[in-house]
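**Q** Okay, predicted coordinates and the sequence, questions at the end:
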Amino acid sequence: MDWGSVAPNDGHRALVELEKRGKLDLLVTQNVDGLHQKAGNSAQRVVEIHGTLQEFMCMSCEDRGPVEVVLERVRAGEGDPPCLECGGILKAAVVSFGQNLFPGDMERSIAAASTCDLILAVGTTLGVFPAANVVPAAKQSGAQVVIVNGSPTEMDDLADAILRGSISEILPSVVGTSTPN
Ligand SMILES: [Zn+2]
């Protein structure tokens, strides 16, 4: 796998602009590519609900760290580097299908959803649970729901506005960061 070749796009950059303006409380992402932080969103405002490929974790003691540290050990000749803390098996710090989410992530996401004025659901069909629960949580608390996606979603009925099309075009145009062609 090539870990470093994917770059943030204009959609990511529009969300960075929202944070700069103080309009972004929390960014809950199902992506594991670390691109929101790479684009410039601060780590403390990003919840990676399905984990991240940018970090490793030990399956036994749950030690975590930058994946680069493990890749460096592989490059140095270790075939399958064990955990330095306990000798356990290391894997990417992502949530596998059927595995529990990381503790606290969902609670934090629901808390933010329950206090926001507006929730922007971007690039998801809102069919993966529990992550998708943030949208009804926000709606119930009186937030406006804006859905941006290329295709219909499971929660279009809840939406106050639906913007259908390319995220990397729509988000910059909504936020006002579009560059004239
Ligand atoms: Zn360990």
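**A** Received it, and whenever you're ready, just let me know what you need.
**Q** rest of the way, CA atoms for contacts and neighbours
**A** Will do.
**Q** helix, strand or coil for the closest residue to Met155 other than its chain neighbours?
**A** Sequence neighbours aside, Leu126 is the residue nearest to Met155 in space, at 6.5 Å (criterion: Cα to Cα, 6 or more residues apart in numbering). Per DSSP: H, G, I helix; E, B strand; the rest coil, the local secondary structure of Leu126 is coil.
**Q** Count the residues that sit near Leu126.
**A** Per other Cα atoms under 10 Å, the neighbour tally for Leu126 reads 21.
**Q** Endpoints of stretch 122-132, how far apart?
**A** 11 Å (Cα to Cα, to the nearest Å).
**Q** Any idea how far it is from the middle of the chain?
**A** 11 Å (Cα atoms, centre = their mean, to the nearest Å).
**Q** Mind listing residues that contact it?
**A** Residues outside stretch 122-132 that contact it (Cα atoms under 8 Å, 6 or more residues apart in numbering) are 30, 49, 106, 147-155, 167.
**Q** per-residue confidence averaged over it?
**A** Stretch 122-132 carries an average pLDDT of 93.
**Q** Can you list the buried residues in that stretch?
**A** Buried residues in stretch 122-132, defined by neighbour count with 16 or more other Cα atoms under 10 Å: 122-126, 131-132.
**Q** Residues of the protein that sit close to the ion?
**A** For the chain, the contact set with the ion under Cα under 5 Å from the ion comprises 58, 61, 83, 85-86, 88.
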